[in-house]
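Engineer: What would the 3D arrangement of this be:
(chains A and B, ligands or ions: 2)
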Amino acid sequence: MSLVSTTPVATTTPIIKSARTRVIAVIMAVIGLFSFVVFGLGSTVRSHAALSFTPLNLVNAPWHLGSLTVATRWTDIVLSLIIVALAAEVFIRQPSRGVMPRFGIAAILFLVTLLFWAARTDGPSQVNSVNVTSILVGCSATVMVLVFGSLSGVMCERAGVVNIAIEGQFIAGAFLGSMIASTTGNFFYAAIAGAVVGGLIGLVLAFFALRYQSDQIIVGIVLVTMLSSLSSYLNLQVFTPFPNFNTGNLASNLAIPILSKIPIIGPVLFNQSAFFYLMIVLVAVVSFALFKTRYGLHVRAVGEHPRAAATVGINVVRVRYINVVLGGAIAGIGGVAFMATQGQFQVGYTSGLGYIALAALIFGRWRPSGAVVASIIFGLTVYLSYELVTYQVPVSLYFLQMIPYLITIGVVAGLIGRVRPPAADGQPYLRD
Amino acid sequence: MQLELRGITKRFGSFTANDQISLKVEPGQIHSLLGENGAGKSTLMNVLFGLLRPDEGEILIDGVVTPINDSGEAVRRGIGMVHQHFMLVPVFTVAENVVLGFEPKKSFDRIDYRAATEDIRRLSQEFHLEVDPDAVIENLPVGLQQRVEILKALSHDAELLILDEPTAVLTPQEIDALMDIMRSLAAAGKSILFITHKLKEVKAIADVITVIRHGQVVGTAEPSASESELASLMVGRDVQLTVTKSTYDPGDEVLEVRDLVVLDDRGLVAVNGVSFDVRAGEVLALAGVQGNGQTELVEALVGMRPVVSGSITLKGRDITHLSPRDALDAGLGHIPEDRQRDGLVLSMSVADNLVLNTPRRAPFARRGTRNLAAVKENAQRLVREFDIRTTSIEAPASSLSGGNQQKVIVARELSRNIEFLVASQPTRGLDVGSIEYVHRQFIEHRNRGNGSLIVSSELDEVLALGDRIAVMFEGRISGIVDPTTSREDIGLLMAGHTTEVAGV
Ligand SMILES: Nc1ncnc2c1ncn2[C@@H]1O[C@H](COP(=O)(O)OP(=O)(O)OP(=O)(O)O)[C@@H](O)[C@H]1O
Ligand SMILES: [Mg+2]
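Structural biologist: Ligands and ions are numbered 1, 2, ... in the order given. Next up is the predicted model:
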């Protein structure tokens, strides 16, 4: 035997792409074809709906934009074809990034076609117009709460602790927030109270997770269950006999001069409560802190590889405590913010928003900016699913409310792009 | 820096891992620690780096007694450590990993990445440690990751560098590069504590050798000592460094692999149309630089990874798409590459680990319940036969040293009646005594007339065990040669050159 030729072997390694993106492309195509056939072809040529843009509250946005009449059939056909085109693009190109936003856009387009169809003139609904501005204003409250929640999740999970208790922190924040706002009439104190109680719940979670290495998900679920029962009990014992403690104040809006008068987006972004502006500041601060500062590098190191962090002198347990408490405080404020948009505390009225926030966190790939995008998509679907009831849509509200969770399952199953949590997320850290 | 350890003792419960260890490292010196698996080398280094507290003894730096309570303190005192398992955050860049914990700061707590990058560039140049500061760790080969670890230590002004088995995961080229780096560091006055099981490396680079056995210093040796002298000093008996095989007399084909295509975790083709046969009484050694598809090939053979196309036949039976359970039942034995992840359940006892792949079979189970007496009897027998050093058969596998963990797996797989053995990097991290032992077991398995596929990136091992040697490069077999082929020619095959083998 001898070695003769010394030419290197050709090194082309063909890439076989994962079939998963194709699955999601097929799902998108089915959605698009469904709306094409049912909403597009299913409506008559003459049916139409009116789009209006004038806000309900004209004080801050003193403009009247006329209304736009859309032919239901053609609009829905075009929007459905856009969904199908997105599906085709995903199927053929299989982009490695950005599948999630595409799927989100498809989901929203689907809801919009459904909305036009529901509001069409010859449909069962008496309402034949869609007020875009008020829908956006309306959903901004849900989006805001989801952003607070997912930002809390970012803080905790980036440091390696799963905070399932966001829902509980919402409930506690809303309960205490209503009480403080009712007695002091000041939402500033209510927000402080919410931050404190949310932080304390975070502290309990951190204590069990870090001191006793308990399963973080179980501790979180126990906390939510306990807090929701406790809130029912206290509601009965305190708010029912003393309604003065739960008077149902709403936070007043602070219109930003000039900006709030921009058509359509002005009322949505610049005529909001202080909580909304606080949320924007928090998103910016958390993004900056996580990705630009030493503190953020330490947090991310602790969430990815705690032992490596420890060998360079970072106190893993302390970083985790700090972040879980801060994250809890953010979720607590989110609870107050929710209460401030809904009025008085009611048992169970957060209705799982804390869990949707967790889904938004995953959808947003554990980034504050991603969490905002995800919260907008999810907030819009949640809000529209309620809104569609007024149009007498022949689909149960409950089915519509499943949409965010269906998207989440798709995300978690890795159907829509790859998501990768911080490597040590949910892992107890053992010092030895 | 001059470092002195005086009478260091470290106990784990009643077990003494370090017993009155004293040694001295001079500036600019490469000091090598030799010792069997479980001798206590890593424990000693962990004490020095502040990860463990000694029960007795003191550490002197430049003649001054310096207690080291945590690794942050060790780093501040000028001690750097490159761990056996890298302490790098995979998703961070090189720069982020290097500065972690010691970040240069700007206003608002921001990290001054420009200063950091410049620092890294300067150190890279000074010590010839080329690496791109903006590269993400997980995209780098292990050799470069290790460079980052060294850079990290140097950037903290380390004067003494601890390298705990740095070569175990490196390719031969990477090892040569590391040796050069170590020499230039020593020339710059840095002290190095170097742990390895490869005697060649010790002889090539060490200035001083200290040998540890059962937690005690048993002596020092000169680098000029022969490998067998070093080995017997380490193990306390004569070690046969070369295996003796009976004559090669292959029988019928046992395993046939045809046009196998397998994907890696990212969905890329890792095994690209591989075909080979292994016959009874034959060891096919699979050589190649790590990451050329060997891992995926082995995983496909034992059912841990789906086969895209092609076929695997074991004694005439198609086993291409079997689950791991069925593949094991069909008569495959598997010694996995990552023993801690795929070979053992670390938190379970030695006894349970020894029946891990047959827990539901007689005699270890009867009518759906476990027969603990049989499990215990089996464990006692295997621990005796295979000389597994453990405090008890009920001790968790995690408490064993690496070599003894590997013996548990070897004992489990070879004590079963298997048709074919698939072993991947079977002696990585093992001491010479354990290597001798494992190799002898493989050869006995072969001499009983069984087939084996042994994957190794260690050329010595490939040459010692293989009856034929297959070389893998970029997912293909670039050649199958016999073990008389020169190292240089095999090296060429490993680098992707093709062979024209006469008559094949
Ligand atoms: N945390 C621990 N608890 C109990 N025993 C331990 C612990 N760490 C190590 N040991 C034991 O101490 C002994 C020395 O282990 P050490 O890791 O120092 O060996 P080593 O010389 O580095 O071996 P190897 O060459 O296999 O890496 C072993 O018997 C090991 O089982
Ligand atoms: Mg060791």
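
Engineer: mind checking how far the residue lying farthest from the centre of chain B is from ligand 1?
Structural biologist: Note on chain B: the largest C-alpha distance from the chain mean falls to residue B:107, namely 44.2 Å (Cα atoms, centre = their mean). Note on residue B:107: its distance to ligand 1, by Cβ to the nearest ligand atom, to the nearest Å, is 43 Å. In this view, the C-beta of every residue, glycine as well, is placed from N, C-alpha and C.

Engineer: List phi and psi for that residue.
Structural biologist: Backbone dihedrals for residue B:107, given as degrees, to the nearest 10, come out at phi -60, psi 160.

Engineer: do residue B:273 as well
Structural biologist: Residue torsions, per degrees, to the nearest 10, at residue B:273 are phi 70, psi 50.

Engineer: how about it, what does it touch?
Structural biologist: For residue B:273, the contact set (Cβ atoms under 8 Å, 6 or more residues apart in numbering or on different chains) comprises B:259-261, B:310, B:475-476.

Engineer: Any chance of a PyMOL selection covering the buried ones in the residues you listed?
Structural biologist: Listed next is the PyMOL selection for buried residues among the contacts of residue B:273, using 16 or more other Cβ atoms under 10 Å in any protein chain shown:
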select buried, chain B and resi 260+261+310+475+476
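
Engineer: Tabulate the contacts of residue B:273 (CSV), appending distance to ligand 1 and pLDDT.
Structural biologist: Output for the contacts of residue B:273, formatted as CSV (distance: Cβ to the nearest ligand atom, whole Å; pLDDT from 0 to 100):
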residue, distance to ligand 1, pLDDT
B:259, 40, 96
B:260, 34, 96
B:261, 37, 95
B:310, 38, 95
B:475, 32, 93
B:476, 35, 93
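
Engineer: Return only those of the contacts of residue B:273 found close to chain A.
Structural biologist: B:475-476 (Cβ under 8 Å from any Cβ of the partner chain).

Engineer: Tell me which of the contacts of residue B:273 fall in strands.
Structural biologist: B:259-261, B:310, B:476 (DSSP state E).

Engineer: which two from the residues you listed end up farthest apart in space?
Structural biologist: Maximum pairwise distance in the ones in strands among the contacts of residue B:273, criterion Cβ to Cβ, is 12.6 Å, between B:310 and B:476.

Engineer: what sits in contact with each of these two?
Structural biologist: Shared contacts of residue B:310 and residue B:476, defined by Cβ under 8 Å, 6+ apart, comprise B:273-274.

Engineer: For residue B:266, which residues are in contact?
Structural biologist: No contacts exist for residue B:266 under Cβ under 8 Å, 6+ apart.

Engineer: I'd like the distance between it and ligand 1.
Structural biologist: Taking Cβ to the nearest ligand atom, one finds residue B:266 at 31 Å from ligand 1.

Engineer: And for residue B:317?
Structural biologist: 38 Å.

Engineer: Tell me how many other residues surround that residue.
Structural biologist: Neighbourhood size, residue B:317 [other Cβ atoms under 10 Å in any protein chain shown]: 11.

Engineer: Nearest residue to it in space, please, no chain neighbours.
Structural biologist: residue B:330 (6.6 Å; Cβ to Cβ, 6 or more residues apart in numbering or on different chains).

Engineer: What's the separation between the spatially most central residue of chain A and residue A:141?
Structural biologist: In chain A, the C-alpha nearest the mean C-alpha coordinate belongs to residue A:375, at 2.7 Å (Cα atoms, centre = their mean). Residue A:375 is 12 Å from residue A:141, where distance means Cβ to Cβ, to the nearest Å.

Engineer: can you check residue A:25 too?
Structural biologist: Separation of residue A:25 from residue A:141 (Cβ to Cβ): 33 Å.

Engineer: and what of residue B:403?
Structural biologist: 63 Å.

Engineer: quick revisit: surely the residue nearest to the centre of chain A forms part of a strand?
Structural biologist: No: judged by DSSP: H, G, I helix; E, B strand; the rest coil, residue A:375 forms no part of a strand; its state is helix.

Engineer: For the residue nearest to it when sequence neighbours are not counted, the count of nearby residues, please.
Structural biologist: Excluding the flanking residues, the one nearest residue A:375 by Cβ to Cβ, 6+ apart is residue A:146, at 3.7 Å. Per other Cβ under 10 Å, the neighbour tally for residue A:146 reads 32.

Engineer: more crowded one of residue A:25 and residue A:141?
Structural biologist: Higher neighbour count among residue A:25 and residue A:141: residue A:25, with 25 against 20, using other Cβ under 10 Å.
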